[in-house]
Every structure is written in structure tokens, then in C-alpha cells.
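> Provide a 3D model corresponding to the input given below.
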Amino acid sequence: MTARLTVGLLYGGCSAEHNISIKSATAIYENLDQARFSVMPIWISHAGEWFHAAPELPEQDKFLQPRVTLLPQPNGGQLFDATNLQVLAKLDLVFPMVHGTNGEDGTLQGLLELAKIPYVGSGVMAMAICMDKVTSKRIFRDAGLPVVPFVAVTQSQWEAHAVNVIAACEKKLNYPWFIKPVNLGSSIGIVKVNGPAEVADAIEQAFSYDDHVIIEQGVEHSRDIEVSVMGNSAVQASGPGEIISPGEFYDFDAKYVSAETQLKVPADLPAFLSKKMAHLAVQAFEATGCTGYARVDFLLCDTDQEVFVSEINTIPGFTSISLFPRLWAEQGISFTELCTQLIDLALEESQRQQQKQTSLNISD
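Okay, here's the model as predicted:
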């Protein structure tokens, strides 16, 4: 009988998406195939400390659990008690479910690379690219993928020349605009502005989350469509799903608070549009160097059926009602099977990377 693999389930984190991460991790914790995997849950507090604590525990009880650490060097996947550096477990693989900063930006993946522990999802570069809304849009554009017009602004540019920044945006973009922090997810800090009087406050709010802001031209009569993608060298896309928001756009409340938000799986789209979006999703995934899995978000203009690639989420929401697993469920892949496939893809990618040459023999 094959021994079960020990999976380190990392969740929580320092970002504003901490609580969302707990919900995603809970679903994975409850649904991993127990015949194949033993789960080692690792909670990262808001302060960045790591604890061996199950997601079902209240936050105050998590602090009573052993504080743990990984060392940034190869040691066979050993997880240590941070107090006495005794080995608590040997991790065969890590399933990162830390949304946002320090989880979805490549930093956590960098630690796992140094420790040489296989992990689910994209590598350092792809994570960093997809977390950055400006960099990813430039890559989409260079790859010939359709994106909305946008302007990138740094905090120093805004503080020195706010009037000029607004003038430059008005020259390039038509209202309404969407003003967003560049490196944040879950629609946190995003504001829709319909005219000049609203711009300054919206930009200041975005800068309270990040040093970089992106200002995008809005798409009138738009629909929010999402496609799940999975694979390494052979990439496949799900059919599309649609988010029908009760408000002006799919903001944080619509995602996590409102009971009126509808998730429609599959989306009601003509076959040619579904096929087009699946193709664009795979192209976006490959252009940014993603591996494992991701969710690609689109804006669809309902008037002329023009499609725009919006962004890639490399660690999308993973609850049982989140669109990423729901779209695969529509394809006949259960939540448990989906988690297993993602772990298998991680092991496959790790083996591929291990075959890379890491030294150079120079002969006379």
C-alpha cells in the first residue's frame, strides 16, 4: 500500500484577504482525499507568524497551537517547531491557499523554492506577474490579447503632479473609470468614478492599500465572465461562468456579503463566445507563465459582444461555492478530484524542474 503524502495546507496571511483564505482552506481541509493525503494545516496570522492550527479553530485558539517554521534551504520538507527547532513533520508538498500579499505575489513560492518543497500552483515569476495588474495587462497586450485602455500611476507621481495625472488620464480614457490598487485582490480598494469630482478621493483610497494604482476605462453594459484553467504543458479551460452583481460592479460586498449576487454556471453565452473565451484564457495563462491552475476573468460588452481579458487569479477563491471549483464541477470533476489533480500537477511540475541542469562543467 502506497504511503499517504503529507500536504502542508498554508492559509491565512497578512493581507486584507485573510478571512477569505480561511474559508478556502476550510473547504480543502474537509475535502482532500484522506486515502491519499494526510493534511498538516498551517495558519499564518495577520502578523505573519506560522502556527500548526486547523482552519476550524477560532483565531484566539490558533495562537495556543505550536508555532512552526520552514527553513529556506533543502532539508527534505521538514517543518520545525519554531520554539525549539524540533521536527514536527515532513511535508511532501505544500498547498498554498494564502490569497493576496505574501501569498499570491511570489514571496511564499520563493521560500518553498529555496526549501525545495513541491507546491500547488504557479511559480515565483508567474505569481508576481499576475498579482501586478499593470504588468499582467502589458503582457496580455504584448501577446495580442484584448485589454481595456489603462493608465498606471505611482504614489510619488500622484503626490508631485496630481493635476497632470488626472489630465493625462482624461486624455486617454473615457469615463467611467475604475481605480484600483495594483497588487490586491477580492475587489478591495476598487472604486468606480463617473466624473472628475470623484477622482482624487478614489485615487487616495487606492493608495491607502498600495504604492501603485491602475486606472482603467470602464466597459459600459459589461458582464463579468470567468473561466477556470488547469494544467502544466497541456492546459485545459473550463466553460465560462457569469457573476451577476446587484450593484454597479462586482465589488467586495457583492463577492462576500450580499445575498443578491448570482453565480451562473454555465454562463448563458453563444457557443462561439464560450469557445473564444476558453481560448483566450489558455493564451493568458501561458503568456504569463502560469502552471497548475488559475482563474481568468473577462469583461464582456453586452452591446457588441467585445471581450476583454481583465486579470488572472493564481490562487482564486476555493470554497465549495466559488466559481473555480464550480466550473470544473460542471465538467464532471468533483471538489475532491479537483484537489487531487492539482496536487498531481504540482508533483509533475516539481519533477520537471528537478531535471533542469543546475551546474556548469567547464573543461580545459
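> what helices or strands is the helix or strand containing residue 96 leaning on?
Secondary structure from DSSP states H and E places residue 96 in strand 93-97. With contacts taken as 3 or more Cβ pairs under 8 Å, 6 or more residues apart in numbering; DSSP states H and E, strand 93-97 sits against strand 5-12, helix 18-31, helix 107-115, helix 335-354. The C-beta positions use only the backbone N, C-alpha and C, and glycine is treated the same way.
> if you compare those, which one is most tucked away?
Greatest average neighbour count among the helices and strands packed on strand 93-97 goes to strand 5-12 (a mean of 24), per mean count of other Cβ atoms under 10 Å.
> Tell me where the protein has helices.
Using DSSP state H, the helices of the chain run over residues 18-31, 59-62, 107-115, 124-131, 133-142, 155-172, 199-207, 252-256, 271-287, 323-330, 335-354.
> For stretch 214-234, measure first residue to last.
From its first residue to its last, stretch 214-234 covers 32 Å (Cα to Cα, to the nearest Å).
> Show me how far it is from its chain's centre.
What separates the centre of stretch 214-234 from the centre of its chain is 13 Å, taken as Cα atoms, centre = their mean, to the nearest Å.
> how about the CA coordinates for stretch 162-178, as PDB?
Taking Å, rounded to 0.1, in the frame of the first residue of the first chain, the C-alpha atoms of stretch 162-178 are listed here in PDB:
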ATOM      1  CA  ALA A 162      -1.900  65.100  -9.200                       C
ATOM      2  CA  VAL A 163      -3.400  67.600 -11.700                       C
ATOM      3  CA  ASN A 164      -1.200  66.400 -14.500                       C
ATOM      4  CA  VAL A 165      -2.000  62.700 -13.700                       C
ATOM      5  CA  ILE A 166      -5.800  63.400 -14.000                       C
ATOM      6  CA  ALA A 167      -5.200  65.400 -17.200                       C
ATOM      7  CA  ALA A 168      -3.200  62.500 -18.700                       C
ATOM      8  CA  CYS A 169      -6.000  60.000 -17.800                       C
ATOM      9  CA  GLU A 170      -8.700  62.200 -19.200                       C
ATOM     10  CA  LYS A 171      -6.800  62.500 -22.500                       C
ATOM     11  CA  LYS A 172      -6.500  58.700 -22.800                       C
ATOM     12  CA  LEU A 173      -9.600  57.300 -21.000                       C
ATOM     13  CA  ASN A 174     -13.400  57.900 -21.300                       C
ATOM     14  CA  TYR A 175     -15.500  58.000 -18.100                       C
ATOM     15  CA  PRO A 176     -16.500  55.900 -16.200                       C
ATOM     16  CA  TRP A 177     -13.100  54.800 -14.700                       C
ATOM     17  CA  PHE A 178     -12.300  52.000 -12.300                       C
END
